[in-house]
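Asker: Predicted model and sequence below, questions to follow.
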Amino acid sequence: MKKIKLSSVGIVLVAAAVFGGSKAQADAPVLAVAEIQYSDTSGEVIDQSAEHFRRLREFEASLRTDLTASGKVRNAALDCPPNACSVGEIAADELLDKAQAAGAAYLLISSFHKVSTLVQWAKFDIVDVKTRNVVFNRLVTFRGDNDTAWRHAESFIVRQILDHEEQ
């Protein structure tokens, strides 16, 4: 694993690491999920800010719920003001400190970037809070900007995280 210095510049999503194997919920690693940073450079005429904000919060909630429901991870809440807990609002090092204070072993940070009417990129990284090493990362693209496309993307990344085994 390589060690990286995290910053709020760029698209960073820190996702949780080694959730392979079947552990009892009480023994499962604790994951904190930061709010998702969103950028829209698609140039669309219609302002979809409210829809994107709603979808982001639903995505985050579903991510926490689905990962926890697997029994392979427990959730820790970050102590942040509402709507101010993404790498766009807080430096990654500060988010890691907040995750540590919440008792999390891992922090998931993510950013989405809508590049056109139909294409969005999403970056997910899981960082080990103690070592500050990235233990999982994915850059995915998804098509569409509707509830169905966002639910599909959330389902996909949950499977990616849960199926990941440390190399």
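Answerer: Happy to help now that I have it.
Asker: how far does stretch 113-132 stretch from start to finish?
Answerer: End-to-end distance of stretch 113-132: 24 Å, with CA to CA, to the nearest Å as the criterion.
Asker: What separation do you get for Glu94 and Cys80?
Answerer: Separation of Glu94 from Cys80 (CB to CB, to the nearest Å) stands at 9 Å. All C-beta atoms are positioned from the backbone trio N, CA, C, and that covers glycine.
Asker: Equivalent analysis for Asp40, please.
Answerer: Separation of Asp40 from Cys80 (CB to CB) stands at 22 Å.
Asker: Same check on Lys114?
Answerer: To Cys80, Lys114 is 24 Å away according to CB to CB.
Asker: Equivalent analysis for Arg64, please.
Answerer: As for Arg64, its distance to Cys80 is 14 Å (criterion: CB to CB).
Asker: quick one on the thing from earlier: comparing Lys114 and Cys80, which residue is more hemmed in?
Answerer: For Lys114 and Cys80, the more surrounded residue by other CB atoms under 10 Å is Lys114, and the numbers stand at 20 against 17.
Asker: Quick check, that one in contact with Ser49.
Answerer: No: checked against CB atoms under 8 Å, the pair Lys114 and Ser49 is beyond contact range at 11.0 Å.
Asker: Name the residues contacting each of the two.
Answerer: Among the neighbours of Lys114, those also in contact with Ser49 (CB atoms under 8 Å, 6 or more residues apart in numbering) are Asp40.
Asker: The host helix or strand of Arg151 - contacts with which helices or strands?
Answerer: Arg151 is part of helix 147-163 when elements are defined by DSSP states H and E. In terms of contact count using 3 or more CB pairs under 8 Å, 6 or more residues apart in numbering; DSSP states H and E, helix 147-163 is assigned the packing partners helix 49-69, strand 119-128, strand 134-143.
Asker: In the chain, where is pLDDT below threshold?
Answerer: 1-26, 165-167 (pLDDT under 70).
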